[in-house]
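>>> Pasted the sequence and its predicted model underneath.
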Amino acid sequence: MISEPQSTYFKKLFIAAKKVRDNAHVPYSKFKVGASILTNKNIIFSGCNVENAAYPQSQCAEASAIGSMVSSGQKNILELLVIGSGDLPCSPCGGCRQRIREFASLTIPIHICNTKGHIKTLKLSDLLPDSFGPENL
């Protein structure tokens with residue numbers, strides 16, 4: 001059972017990320033990841049990881065979800081959820097943390113989950129202390 005944080009959209013985000021995770025293309029690592037984003041217009045976008053034999057050409061689930069969001073004309077993340085395939089909750093990698101920072105405030109909740117329902121909710125500022133964002137340019 002999922003231990004639900006105080007979020008109106010948590011269940012919808014979890015279901016969307018878990019569903020899209022099943023579509024991940026991970027022939028090398030076998031580690032599927034799904035991510036879902038809630039925008040300021042209360043629309044959910046999701047994405048999965050896509051591996052490539054040329055590893056730098058691979059794409060994280062968060063990057064896929066952000067790409068989908070931006071392609072639809074939206075650029076404001078209010079909440080994000082990531083679910084991996086392992087026993088531990090799946091946290092965004094460093095590159096994705098910076099991608100998220102481009103479209104979100106440091107106070108948004110980021111839910112990191114595993115398939116067994118273990119959840120940890122952090123703020124983006126917990127993942128990126130002293131971050132560098134668009135306002136620094």
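Done, it's in.

>>> Looks to me like residue 35 is in a strand.
Yes - counting by DSSP: H, G, I helix; E, B strand; the rest coil, residue 35 is found in a strand.

>>> Next, count neighbours for it.
Number of residues near residue 35 (other Cβ atoms under 10 Å) recorded here: 31. C-beta here means a position set from N, CA and C on the backbone, and glycine is covered the same way.

>>> how about it, what does it touch?
17, 20, 46-48, 60-62, 64-65, 80-83, 92 (Cβ atoms under 8 Å, 6 or more residues apart in numbering).

>>> can you give me the helices in the chain?
Taking DSSP state H as the test, the helices found in the chain are 10-21, 61-71, 94-103, 124-127.

>>> For the ones you listed, could you give me a markdown table that also reports mean neighbour count, mean pLDDT and distance to residue 52?
Below are those laid out as a markdown table (neighbours: other Cβ atoms under 10 Å; pLDDT from 0 to 100; distance: least, Cβ to Cβ, whole Å):
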| stretch | mean neighbour count | mean pLDDT | distance to residue 52 |
| --- | --- | --- | --- |
| helix 10-21 | 20 | 94 | 18 |
| helix 61-71 | 20 | 98 | 13 |
| helix 94-103 | 17 | 94 | 15 |
| helix 124-127 | 17 | 93 | 25 |
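
>>> Now do residue 5, the pLDDT please.
pLDDT for residue 5: 58.

>>> rewinding a little: and the helices of the chain: which comes nearest residue 137?
helix 94-103 (10.7 Å; Cβ to Cβ).

>>> ok, back up a step: reformat the helices of the chain as JSON lines; add distance to residue 38.
Below are the helices of the chain laid out as JSON lines (distance: least, Cβ to Cβ, whole Å):
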{"stretch": "helix 10-21", "distance to residue 38": "6"}
{"stretch": "helix 61-71", "distance to residue 38": "10"}
{"stretch": "helix 94-103", "distance to residue 38": "12"}
{"stretch": "helix 124-127", "distance to residue 38": "13"}
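
>>> on that earlier part again, out of the contacts of residue 35, which two sit at the greatest distance?
Maximum pairwise distance among the contacts of residue 35 (Cβ to Cβ): 15.5 Å, between 20 and 92.

>>> nearest to residue 110, of the contacts of residue 35?
Distances from residue 110 to the contacts of residue 35, taken by Cβ to Cβ, are shortest for residue 80, at 4.9 Å.
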